[in-house]
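**Student:** Please work out how this folds:
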Amino acid sequence: MERAMEIERPEYINKLISAKDNGRVKVITGLRRCGKTYLVKTLFPKWLIENGISRDNIVYLALDRISNAQYRNPLLLDKYLREIISSKSGRCYIIIDEIQFSVPVDNPALPENVRTEENRLTFYDTLLGLMDECDLYVTGSNSRMLSKDILSGFRDRGCEIRIHPLSFSEYLSATRDDIRSAWKDYLHNGGMPMTLMFTDGIAKDRYLKDLLSETYVKDIVEHNRIDDSGDLISLLSVMASCSSCLTNPTNIANICPPKTMSRNTVDRYIGFFKDSFLLSESKRYDIRGRKIINGQQKYYFEDLGLMNAILNFREMKTRVLIENAVYNELIIRGYNVDVGRIDYRKRVGGVNTTVTLETDFVVNRSSERWYIQVAEGIDEPGKLEQEEASLLRIKDGFGKIILVNTDTPQHYTNNGIRIISILDFMCDRGGLEKI
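**Tutor:** Residues are numbered from 1 along each chain as shown. This next block holds a predicted model:
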């Protein structure tokens with residue numbers, strides 16, 4: 001059974017507002033089915049109208065509709081949009097959804113004997129030629145063309161607005177559940193907006209599994225011309241099992257059944273997953289040496305529901321899920337996120353040895369930096385000391401936080417480390433310094 005609802009997404013509306021009339025083509029990118037169309041078709045036009053833009057000056061054109069098939073031709077699209085712009089008084093706001101349906105055509109101004117694939121006209125020619133006459137927004141992503149490809153085609157004349165699945169605060173605003181129940185569901189279902197349309201848990205699971213196999217896997221296979229999807233699916237399963245663990249393509253190749261994939265194949269397939277926004281990579285950072293350490297990194301899934309679907313919804317460790325959820329939240333808020341490592345020397349049995357400690361996240365945004373540990377709880381004997389250990393070895397003056405998956409009031413430890421409930425963090429839309 002499905003239910004209808006409207007989910008406000010103020011963070012992305014604010015990004016569109018900031019980019020409005022900036023003289024560049026706004027390219028809305030992100031994982032398929034994460035809400036790009038809803039944002040540009042419903043929420044952003046609503047804001048424009050509420051802020052004085054005439055409805056007649058807002059043009060929404062979905063190229064996946066058969067009724068708009070003629071405008072997949074860049075020349076006819078150019079003619080159509082120019083006619084609209086010239087007929088309106090005031091600036092026009094042009095929103096083209098599913099731009100990847102546009103098809104290159106021969107340039108009629110060129111003699112037939114010099115026409116080639118390289119000099120065919122594309123939607124890039126159409127839109128770049130209209131930049132000075134209107135404000136342009138485009139979305140698009142499927143097996144033909146990823147939204148990443150669309151952005152790169154505009155080069156420095158494109159402006160990316162990256163959209164993610166629902167954050168927990170967005171998810172919570174659209175559910176009637178109490179915060180703890182909503183958090184449990186979020187860790188299971190993730191933030192794909194359509195999951196909130198179902199009231200039945202089995203239907204949600206089926207939707208996510210179908211979305212994974214019928215949309216994402218098929219897109220990657222078709223876009224990258226992969227002959228057999230079996231290895232791709234096996235690799236995805238291994239990646240989900242290794243989520244939040246330090247690893248690299250070589251290690252992954254060694255455990256992929258039936259161990260037939262080379263390190264280069266694994267690396268290439270991981271690149272496909274990243275290009276389609278299914279997962280992202282966090283580099284390992286030497287805190288004391290202030291440099292990136294090559295050779296090991298962590299991979300996090302863009303959506304927890306999809307990660308669970310890959311594993312057929314087998315029970316996963318809560319610690320893995322909450323770490324992935326915190327990583328996604330930090331990315332949504334515009335932070336750059338690395339995995340921290342700090343080494344120190346310790347004398348053991350009369351011998352000087354190097355001890356390595358891990359910090360879950362080294363978080364940077366502009367002049368901000370934070371060191372963050374994620375824990376299920378710190379009440380067990382020795383647990384607080386374990387979580388504090390790496391943080392206390394960091395001698396700079398930046399903030400240090402332990403996020404705990406309990407209803408703990410915010411406080412400081414005796415060593416000056418901030419303790420914050422994960423739910424307080426996930427529900428606060430300000431910066432870390434404002435929590």
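
**Student:** just checking, next helix/strand downstream of the host helix or strand of L391?
**Tutor:** Of the helices and strands defined by DSSP states H and E, L391 is found in helix 383-392. Tracing the chain C-terminally past helix 383-392 and defining elements by DSSP H and E, one meets strand 399-404 next.

**Student:** the inter-axis angle of that next one versus helix 383-392?
**Tutor:** With axes from the mean of the first three to the mean of the last three C-alpha atoms, to 10 degrees defining the directions, strand 399-404 sits at 150 degrees from helix 383-392.

**Student:** Pull out the buried positions in strand 399-404.
**Tutor:** 399-404 (16 or more other C-beta atoms under 10 Å). Yep, even glycine has a C-beta here, placed from its N, CA and C like the rest.

**Student:** Pick out whichever of these sits closest to Y71.
**Tutor:** Each of the buried residues of strand 399-404 was scored against Y71 by C-beta to C-beta, and L403 proved nearest at 48.2 Å.

**Student:** And the closest one, how far from V351?
**Tutor:** Separation of L403 from V351 (C-beta to C-beta, to the nearest Å): 36 Å.

**Student:** Over to F301?
**Tutor:** With distances defined as C-beta to C-beta, the gap from F301 to V351 amounts to 41 Å.

**Student:** between those two, which one's more packed in?
**Tutor:** With other C-beta atoms under 10 Å as the criterion, F301 and V351 differ in neighbour count, and F301 comes out ahead with 24 against 7.

**Student:** That one - nearest residue in space that isn't next to it in sequence?
**Tutor:** Using C-beta to C-beta, 6 or more residues apart in numbering and skipping residues adjacent in sequence, the residue nearest F301 is M307, 3.9 Å away.

**Student:** Any figure for the gap between that neighbour and L236?
**Tutor:** 9 Å.

**Student:** Same question for D125.
**Tutor:** Taken as C-beta to C-beta, the spacing of D125 relative to L236 amounts to 37 Å.

**Student:** Between the two, which has more neighbouring residues?
**Tutor:** Each of D125 and L236 has its neighbours counted (other C-beta under 10 Å); L236 has more, 26 against 16.

**Student:** and the helix or strand in which that one is found, what does it pack onto?
**Tutor:** Per DSSP H and E, L236 falls inside helix 229-241. Counting by 3 or more C-beta pairs under 8 Å, 6 or more residues apart in numbering; DSSP states H and E, the packing neighbours recorded for helix 229-241 are helix 218-223, helix 249-255, helix 263-275, strand 291-301, helix 304-310.

**Student:** for the ones you listed, which one ends up most surrounded?
**Tutor:** Across the helices and strands packed on helix 229-241, the average number of neighbours (mean count of other C-beta atoms under 10 Å) peaks for helix 304-310, which reaches a mean of 25.

**Student:** Quick check: which element contains T260?
**Tutor:** Assigned by DSSP H and E, T260 falls within no helix or strand.

**Student:** who touches the nearest residue to T37 once chain neighbours are set aside in this structure?
**Tutor:** In space, and not counting its chain neighbours, T37 is closest to D97: 5.6 Å by C-beta to C-beta, 6+ apart. Applying C-beta atoms under 8 Å, 6 or more residues apart in numbering, one finds that D97 lies in contact with 36-37, 40-41, 60-64, 138-140.

**Student:** Pairing partners for the one helix or strand R369 maps to, with directions?
**Tutor:** Remark: R369 resides in strand 368-375, with elements defined by DSSP H and E. Here strand 368-375 is paired, per DSSP bridges, with strand 351-365 (antiparallel), strand 399-404 (parallel).

**Student:** May I see the ones you listed organised as a markdown table, with distance to N336 and mean pLDDT added?
**Tutor:** Formatted as a markdown table, those follow (distance: least, C-beta to C-beta, whole Å; pLDDT from 0 to 100):
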| stretch | distance to N336 | mean pLDDT |
| --- | --- | --- |
| strand 351-365 | 5 | 94 |
| strand 399-404 | 15 | 97 |
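
**Student:** between those, which gets nearest to L76?
**Tutor:** Using C-beta to C-beta as the criterion, the shortest distance between L76 and the strands paired with strand 368-375 is 43.7 Å, found for strand 351-365.

**Student:** okay, that closest one in PDB with CA atoms only?
**Tutor:** The C-alpha trace of strand 351-365 is given here as PDB (Å, rounded to 0.1, in the frame of the first residue of the first chain):
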ATOM      1  CA  VAL A 351      61.500  -2.400  22.800                       C
ATOM      2  CA  ASN A 352      60.300   0.800  21.200                       C
ATOM      3  CA  THR A 353      57.300   0.000  18.900                       C
ATOM      4  CA  THR A 354      55.000   2.000  16.700                       C
ATOM      5  CA  VAL A 355      51.400   2.000  17.700                       C
ATOM      6  CA  THR A 356      48.700   3.000  15.200                       C
ATOM      7  CA  LEU A 357      45.300   4.400  16.300                       C
ATOM      8  CA  GLU A 358      42.400   5.200  14.100                       C
ATOM      9  CA  THR A 359      40.100   8.200  14.100                       C
ATOM     10  CA  ASP A 360      36.900   7.500  12.300                       C
ATOM     11  CA  PHE A 361      36.600  10.900  10.500                       C
ATOM     12  CA  VAL A 362      38.800  13.900   9.900                       C
ATOM     13  CA  VAL A 363      36.300  16.500   8.700                       C
ATOM     14  CA  ASN A 364      37.200  19.700   6.900                       C
ATOM     15  CA  ARG A 365      35.100  22.600   5.500                       C
END
